[in-house]
Structures are given as C-alpha cells and as structure tokens.
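Peer 1: Give the three-dimensional model of this entry:
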Amino acid sequence: MRTILYLGAYLFCFYTGFSQSYQFKTLIDLETTEIISQGNTGTCWSFSTVSFLESEIIRLTGNHIDISEMYQVRHTYPAKAWNYIMRQGKAQFSEGGLAHDVMNSIAQHGLVPQAVYSGLESNKTNHNHAEMAAVLKGVLDVYVSNPGKRLSPKWEPVIENILDTYMGKPTDSFLYEGKHYTAKSFQKLTKIEPDQYVSITSFTHQPFYESFILNIPDNFSNGKFFNVPLDTLITIINEALENGFTLTLDCDVSETTFSAKHGIAVIPEVESTAAEAIISIRPEKHITQAYRQQAFTSYATTDDHLMHITGIVTDQNGTIYYKVKNSWGTDQTRVANNGYVYMSESFMRLKTISVMLHKDGLPKAIKKKLMP
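Peer 2: Coordinates of the predicted model:
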C-alpha cells in the first residue's frame, strides 16, 4: 500500500509539474530593431531577413539603421517573373521567397534605408500586395500563353511598370544623414557582404556536410543549403546565439501548437493536449532525425514562414526555448510577448526548414567541414 501511495504521489507531482502556466527567464537576448508588420503580404522572407540584417549592422558597426524591406521585394519580383516566363509557366510565381533572395538582391542592387523607399502606395500606411500579385500573375500568364506565337520582349517593361505603379520606382541616389549615397555605397556603410552568409538545413535525402538545392516551392532561385545532422543544426543555432550572432529561420507554422496569440510554439508528446500545451507546460515529443525527415517528406512540415532568432529563454523547469522575432505586428489582441514567439527546442528540431547566419557564427570545427 505504501508503495502505491508513493507511486501515486510521484505521478501527481510529475503531471502537475507539466501543467504550470509558462514563466520565462531570459538567458540570451541579442539586440535587434523594433517589430514591423508585413501587412497583408507574403513577404515574411524579406521582413525577417532585413530584421536579421539590421541586427548584423548593429553587430558589425554599432549603428541602428531602419532598412527598407520593400526595396528587396521590388527588385526580387522581376527575377521571379523571369524564372516563371523562361520556364513557360511551369514554376511557382507567388509572393513568397527565402532569405537568400534578399542576399541575391543586395549583391545586385545594394541596400537603402526605409525612409528612402517604403514600397507603399500614396496615402497608404499598411502593405497589401493581394491585388498587385494577382495582376502580375495574370499578365505573366498572358505572355506564357503566347497569343502572338512568339514571346514578346514587352513583358519585362510591362512588369516593371506594374511594380512601379503599386510600389513606387526605386531610387539609386539619395541623402542619408546629410551625406549622398547610392544603394551600393550605402551597403558598404552597413558592412553587409552577401557572400559572407550561409544557409544551413538538415535532411537525410542528401549527404551531410555537402550543399544541395533544397526542393521547396519558394526556392525559385535554386539557392543552395549546407546539409548537417539535426544535432549539429541545433549546435550551430545555440553557439551562434551564445557568441552574439542572430539567425534567420525558415519554418512551418501551420501547427495548432504554434500560437502567436500566446507567444508559444511547442510539440506536445500527446497530440490531444495541443490546446492546453500553448497555455501551460506539457511533456514534449523527442524529435529524431528520422521523425523530422518523415514529417518533411509527407508534407507534415512545409516551408511557410520566415522569422528571426534573437535569443534563448527557459521556463521554470529549465527547458530551453528560442526567442523568435515575428513580423505580424505588436497588437496585443493578436500577439503576445510584444510580437515575439518562444519556440521550444522540440519545435525547432521538427519544424525548421533552414537557418541563415554569418559564416563567422559557425562553430570552427563545423565551418572547417562545410568550407574546408
């Protein structure tokens, strides 16, 4: 009887220990800029990567600069359109993209401050690309259908004119804090060098410690990713943060246990506890490499949102969560934690598609394996 009582007491303590409301303690909180809403657009890829770059500028120069997200979006759309046209419509054309698309745009077009290019129509304060994206796709499909029996070269200036109408014509010459810059000279001021950034992923259908083109819908530009084991991916994230480097994050947020409203993202061990798990601590699944791979190849994990990893917190049980900066605004009726999401390690292990960081943020031994 005494053994049964002890067992009952142990189980009671065990389960009640996992039903507490979340209380977080900050371990690492790297400097970043304020949260900005992406509005009604699918441009999280630019908002997250520009946020990441703003933190990089702080790290590299000590300067706080509000960089234009839409400058990179404006210059990326023509590249998407070219890909779609040249593949005769047998490719994705959408608002989506990836972190390396911003880097590709910077390499070609440079950087500008937000004050120089907002990408907003006159008298508008929020971004909404629904109509623009539909118009672009419709026009491209007309050219793809080839009514003139031969592709007209007019399609490129037509696309440029549509983009200028909705987003404004980008400038390459401007004043900033009393000095004259071009987009490329301003990029030099920020010390951002696109070729110094690497994308990392973890999947078993390609060899580890080699790079490959990740076949996901938004990878229209055929960007390459270094492939590492899952434990190594987590090590890279942890050590980067410990050494002052933030990271971009491409992940799946379609799970019911990703909740911006509660500021939490977890993978509960028991799926039926999902509703409770976003408001109080529940045991989480142990995520293996094989389980992660199966989720990806079955479409249970898909590429649908990019954010910015800026720190580490722990709950009252010592469990690690990553502080992730979102781009859905700071309206307290819609988001918690001032717009940040605390993402458990289990969620990170299962739902991460990739991360991007500066090469110097890689642990030395891993960097040597990836870039000997």
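
Peer 1: CA atoms for contacts and neighbours, from now on please.
Peer 2: Fine.

Peer 1: for this structure, what spans make up the helices?
Peer 2: 2-17, 44-61, 69-86, 99-109, 130-145, 155-167, 183-190, 230-242, 274-277, 289-297, 345-351, 364-370 (DSSP state H).

Peer 1: Spatially central residue for this protein, please.
Peer 2: Centroid check for the chain by CA atoms, centre = their mean gives residue 306 as the closest residue, at 2.1 Å.

Peer 1: wait, doesn't that one sit right on residue 253?
Peer 2: No. Using CA atoms under 8 Å, residue 306 is not in contact with residue 253; the gap is 9.2 Å.

Peer 1: possible to save the helices of the chain as JSON lines with mean neighbour count?
Peer 2: Formatted as JSON lines, these follow (neighbours: other CA atoms under 10 Å):
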{"stretch": "helix 2-17", "mean neighbour count": "11"}
{"stretch": "helix 44-61", "mean neighbour count": "24"}
{"stretch": "helix 69-86", "mean neighbour count": "21"}
{"stretch": "helix 99-109", "mean neighbour count": "21"}
{"stretch": "helix 130-145", "mean neighbour count": "16"}
{"stretch": "helix 155-167", "mean neighbour count": "16"}
{"stretch": "helix 183-190", "mean neighbour count": "18"}
{"stretch": "helix 230-242", "mean neighbour count": "18"}
{"stretch": "helix 274-277", "mean neighbour count": "18"}
{"stretch": "helix 289-297", "mean neighbour count": "15"}
{"stretch": "helix 345-351", "mean neighbour count": "23"}
{"stretch": "helix 364-370", "mean neighbour count": "13"}
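
Peer 1: got a list of what the closest residue to the residue nearest to the centre of the chain other than its chain neighbours touches?
Peer 2: Setting aside the residues directly before and after it, residue 306 is nearest to residue 250 in space (CA to CA, 6 or more residues apart in numbering), at 4.3 Å. Applying CA atoms under 8 Å, 6 or more residues apart in numbering to residue 250 gives the contacts 98, 303, 304, 305, 306, 307, 352, 353, 354, 355.

Peer 1: can I get those in JSON lines with distance to residue 30?
Peer 2: Below are those laid out as JSON lines (distance: CA to CA, whole Å):
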{"residue": "98", "distance to residue 30": "23"}
{"residue": "303", "distance to residue 30": "25"}
{"residue": "304", "distance to residue 30": "25"}
{"residue": "305", "distance to residue 30": "21"}
{"residue": "306", "distance to residue 30": "18"}
{"residue": "307", "distance to residue 30": "15"}
{"residue": "352", "distance to residue 30": "20"}
{"residue": "353", "distance to residue 30": "22"}
{"residue": "354", "distance to residue 30": "20"}
{"residue": "355", "distance to residue 30": "17"}
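
Peer 1: Now, of those residues, which are buried?
Peer 2: Buried members of the contacts of residue 250, counted by 16 or more other CA atoms under 10 Å: 98, 303, 304, 305, 306, 307, 352, 353, 354, 355.

Peer 1: For the closest residue to the first one other than its chain neighbours, give me its contacts.
Peer 2: Nearest in space to residue 98, with sequence neighbours left out and distances taken as CA to CA, 6+ apart, is residue 45 at 5.2 Å. Going by CA under 8 Å, 6+ apart, residue 45 touches 96, 97, 98, 99, 102, 305, 306, 307.

Peer 1: ok so, going back, dump the residue contacts of the residue nearest to the centre of the chain.
Peer 2: 44, 45, 48, 98, 99, 248, 249, 250, 251.

Peer 1: Which of the residues you listed sits closest to residue 286?
Peer 2: Nearest to residue 286 among these is residue 251, at 18.1 Å by CA to CA.

Peer 1: quick one, what contacts the closest one?
Peer 2: By CA under 8 Å, 6+ apart, the residues touching residue 251 are 302, 303, 304, 305, 306, 351, 352, 353, 354.

Peer 1: May I see those organised as CSV, with distance to residue 216 and pLDDT added?
Peer 2: Formatted as CSV, these follow (distance: CA to CA, whole Å; pLDDT from 0 to 100):
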residue, distance to residue 216, pLDDT
302, 8, 96
303, 7, 95
304, 10, 94
305, 12, 97
306, 14, 98
351, 14, 98
352, 13, 98
353, 9, 98
354, 11, 98
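
Peer 1: would you list those in TSV and tack on distance to residue 32?
Peer 2: Formatted as TSV, those follow (distance: CA to CA, whole Å):
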residue	distance to residue 32
302	27
303	24
304	23
305	19
306	16
351	24
352	21
353	23
354	20
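
Peer 1: now, which of those lie within strands?
Peer 2: Within the contacts of residue 251, residues falling in strands by DSSP state E are 305, 306, 352, 353, 354.

Peer 1: Looking at those residues, which one is closest to residue 182?
Peer 2: Using CA to CA, residue 306 is the member of the ones in strands among the contacts of residue 251 that lies nearest residue 182, at 28.5 Å.

Peer 1: how much space between that closest one and residue 51?
Peer 2: Distance, residue 306 to residue 51, using CA to CA, to the nearest Å: 11 Å.

Peer 1: Quickly note the distance from the residue nearest to residue 306 to residue 264.
Peer 2: Residue 250 is 17 Å from residue 264, where distance means CA to CA.

Peer 1: Which helix or strand in the protein has the lowest average pLDDT?
Peer 2: helix 2-17 (a mean of 46; mean pLDDT, DSSP states H and E).

Peer 1: ok so, going back, mind giving me CSV with the ones in strands among the contacts of residue 251 and columns for distance to residue 294?
Peer 2: Converted to CSV, the ones in strands among the contacts of residue 251 look like this (distance: CA to CA, whole Å):
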residue, distance to residue 294
305, 20
306, 21
352, 13
353, 13
354, 16
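
Peer 1: Quick check: buried residues in stretch 326-339?
Peer 2: Using 16+ other CA under 10 Å as the test for burial, stretch 326-339 gives 326, 327, 328, 329, 330, 335, 336, 337, 338, 339.

Peer 1: Figure out how far that stretch is from the centre of its chain.
Peer 2: Distance of stretch 326-339 from its chain centroid, counting by CA atoms, centre = their mean, to the nearest Å, is 16 Å.
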